[in-house]
Structure formats: structure tokens, C-alpha cells
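Student: This is a predicted model, with the sequence first.
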Amino acid sequence: MSSLIASARFSVLDRSRTREGQDGPQALRDTVRLAQEVEALGYHRFWVSEHHGVPGVAGSAPTVLAAAVAAATRTIRVGTGGVMLPNHQPLVVAEQFGVLESLFPGRIDMGLGRSVGFTDGIRRALGRDKEDAGDFAAQLEELLGWFDGTQSAHPRVRARPSEGLRVPPYVLATGEGAEIAAAAGLPLVIGDLKGRSKVVAAIERYRAAFRRSAWAEEPYVVVAGTVAVAESEEEAARLLIPEAWSLAYSRTKGDFPPLAPPERIAGLAMTPKQRELYEAGLRGHVHGTEEQVRDALEVAVKETGADEVLVTTSTYDRSALVDSYRRLARVAGLAGADEPR
């Protein structure tokens, strides 16, 4: 096994994708079960996401779901990828993570993003607008201040039980996220695993501008992306089809649908624009046999200097998804990869 891959941690982000014929509650239960399965395989952490009003995604309350995941697991780190800070008051976020850390000490991560609601209607329902993303740096500073007692916006208020607790924060790099993470001295989460030039350049800027902080003494880079591993390259490519079609449909119809079986998607009559988006959605991911994926990840880790690889794979066939994570665990040399099931 490559020494570069061996030096990196491997983790999982699950977005609680719904599947045709199943409802949102089943998707959430599947997320909790997946956390148990990847914990047994030896992955380092398991994160959940925040999406509001999206038909194909059931994960709308990440700290609530993280609590369920942490309660159902024993050792794996649990967190968010991420809580979208512009959607919330920093005090409320601090309180939520303070409760999580109090209940599951030493296992909670606080992944934070700067996106706002998916549509104008959702943003109105949240009481937010697009401009709120521009306040992310100030919101982040206030949030961290609730933990270390340095926030000054509300001098007579203390966050309970958060103040004095250490919940590791991570910044998701959307827009200016890399620069904000560097200035705040926080770990960075960024896509993608193909190591495209813009991503590599952003990582280099982050490392160069990083300021040591009470939260992190040196830069830490988590590179996120889709990885699909199967017995053959063709089977691995099939795993990518449902998500690629959901993305293409959402960008042409404005509605993000549940995951559909690959065989049904193959028979669909797509518009030229949908076909273009669908084929683009199949590219830019790491997929193939274990040997092919090992080689691709070796390149990705070398190009980005990643300290950690965060895998976020979605497909219709849940058993094939779990098998993909099992094969990836073997590629990464994780402790539980070869344990009998």
C-alpha cells in the first residue's frame, strides 16, 4: 500500500439521500446504519449534512442527526459537513454542539459552511437572504467566542454548556472559505479528489496564509470527493449514475429528485442539456477497481498534500454502496477492512 495513502485518514460524509420507493425517515435510518457499518470498517469520522426543503435529501437538521449517529456508535468521531452558519444564530449553534460534546465527549466535530438556503423560498422561510453568506467570518468568530469566552457581541451572556468545551471546528471551503479558514487558524475541508488546479491553488494559499490559533497549531487539509469502488470499472461507474442524473435533473427542472435505479435512468429520454449535465456528472470522480482507486488516490493525496480524505458517495443500491466503502477500506488499509461480516 502506498505510503501517502497510509499517512492519510479516511472518513465518510453522508447526505441522507432518499431513494425511489423509500421515504425520508428511511433515509435517515439508513444514515445511522451506515455510520455503524463504516465505524466497523475503521473509518476515522462520520459527518452528516444540512439541506432544507430538498426532496431528494432527508438531512435537514444535522446536529439532531449527529446525536442519533453518536448514540448508535461507540468510537468513530461524529460531526457535520456542515452546519450552514448563515442559516443560524451562532449562540444556538454553540449550544447545540455544547450539548453534543457534553453527551459524547471527545467524539464531536463542528464542520461549518457558509451557504444559505437552496432557493428564494427556502431562504425566506429561514429568514435569510444571499447576502448573509458575506457575514460568515464574523459569525464564525462569534461562534468560537462562545466556546472560549471571548465573544464580545453579548457581554452579559454565556453559552451553556458550551463555554470551556473543546469542539474541533472545520471550515468548508465555498467561495472565500479557504481564506477565512486560514485567517481563523482552522482546518480546511475542500473538494475535490481529482486535484484540479483551482483546488490545489486554494490549498496552497490556505497553507501560506494560515495563522496559528488556539484551535490548530498548523494547517490541516481534508479533501472531499466521490469514490466508487467495485469488482470492475464498469460496475463502479454504474454506482455514479443515480447521483449524476439527480444533479442533471435538478439543474434543468429546479427540483432535486430521489435516487433512481441505474437501469431506469439508462432508458430515459434526456434533453440535450440534461444529457450534457448528466455526462458531466459522471466525470471528475475517483472510481474503478481497488487497484485503480488506489492509484488515483495516490495522485490525489500527492497533489493536494491532504491530511485526510472525506468520501461522500451516493447511489441507489445500498448494498453496493456499503461494498464500495468496504473495498475502499481495504485500499486505505483500515483496521476493520478484512473483518468477517
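Tutor: Arrived safely, thanks for sending. Residues are numbered from 1 along each chain as shown.

Student: C-alpha only now, for contacts and for neighbours.
Tutor: OK.

Student: thought Arg107 was touching Ile76?
Tutor: Yes - taking CA atoms under 8 Å as the contact criterion, Arg107 and Ile76 are neighbours in contact, 7.0 Å apart.

Student: where does the stretch 1-150 of the chain dip in pLDDT?
Tutor: 1-3, 117-118, 132-133 (pLDDT under 70).

Student: What segments of it are helices?
Tutor: If DSSP state H, counting those that start in this stretch is used as the criterion, the helices of the stretch 1-150 of the chain fall at 3-7, 24-41, 62-72, 90-103, 120-126, 136-148.

Student: now stretch 330-341, how far from the chain's geometric center?
Tutor: Averaged C-alpha coordinates place stretch 330-341 at 22 Å from its chain's average position (CA atoms, centre = their mean, to the nearest Å).

Student: In contact with Tyr170, which residues?
Tutor: Under the criterion of CA atoms under 8 Å, 6 or more residues apart in numbering, the contact list for Tyr170 reads Asp109, Met110, Gly111, Leu112, Ala181, Leu186, Pro187, Leu188, Val189.

Student: Within the sheet, what are the partner strands of the helix or strand hosting it, with directions?
Tutor: Counting by DSSP states H and E, the element that carries Tyr170 is strand 169-172. Partners of strand 169-172 in the sheet, by DSSP bridges, are strand 110-113 (parallel), strand 188-191 (parallel).

Student: Quick one: closest of the helices of the stretch 1-150 of the chain to Arg318.
Tutor: helix 24-41 (8.7 Å; CA to CA).

Student: what packs against the closest one?
Tutor: Contacts of helix 24-41 with other secondary structure elements, assessed using 3 or more CA pairs under 8 Å, 6 or more residues apart in numbering; DSSP states H and E, are made with helix 62-72, helix 318-332.

Student: ok, and for that helix, which residues are buried?
Tutor: Across helix 24-41, burial judged by 16 or more other CA atoms under 10 Å covers 24, 27-28, 30-32, 34-41.

Student: Mind listing residues that contact stretch 144-159?
Tutor: In this structure, residues lying in contact with stretch 144-159 by CA under 8 Å, 6+ apart are Leu91, Ala94, Glu95, Glu141, Glu142, Leu143, Ser162, Glu163, Gly164, Leu165, Arg166.

Student: Drop anything exposed from these.
Tutor: Going by neighbour count (16+ other CA under 10 Å), those have Leu91, Ala94, Glu95, Glu142, Leu143, Ser162, Glu163, Leu165, Arg166 buried.

Student: Please identify the one among those residues that lies nearest to Val222.
Tutor: Out of the buried ones among the contacts of stretch 144-159, the member with the shortest distance to Val222 (by CA to CA) is Arg166, at 19.6 Å.

Student: That closest one falls within a helix, correct?
Tutor: No - residue assignment for Arg166, taken from DSSP: H, G, I helix; E, B strand; the rest coil, gives coil, which places it outside any helix.

Student: still on that earlier bit, take the buried ones among the contacts of stretch 144-159 and lay them out in JSON lines including distance to Gly336.
Tutor: What follows is the buried ones among the contacts of stretch 144-159, written out as JSON lines (distance: CA to CA, whole Å):
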{"residue": "Leu91", "distance to Gly336": "38"}
{"residue": "Ala94", "distance to Gly336": "34"}
{"residue": "Glu95", "distance to Gly336": "34"}
{"residue": "Glu142", "distance to Gly336": "40"}
{"residue": "Leu143", "distance to Gly336": "36"}
{"residue": "Ser162", "distance to Gly336": "34"}
{"residue": "Glu163", "distance to Gly336": "36"}
{"residue": "Leu165", "distance to Gly336": "31"}
{"residue": "Arg166", "distance to Gly336": "29"}
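
Student: Thank you, goodbye.
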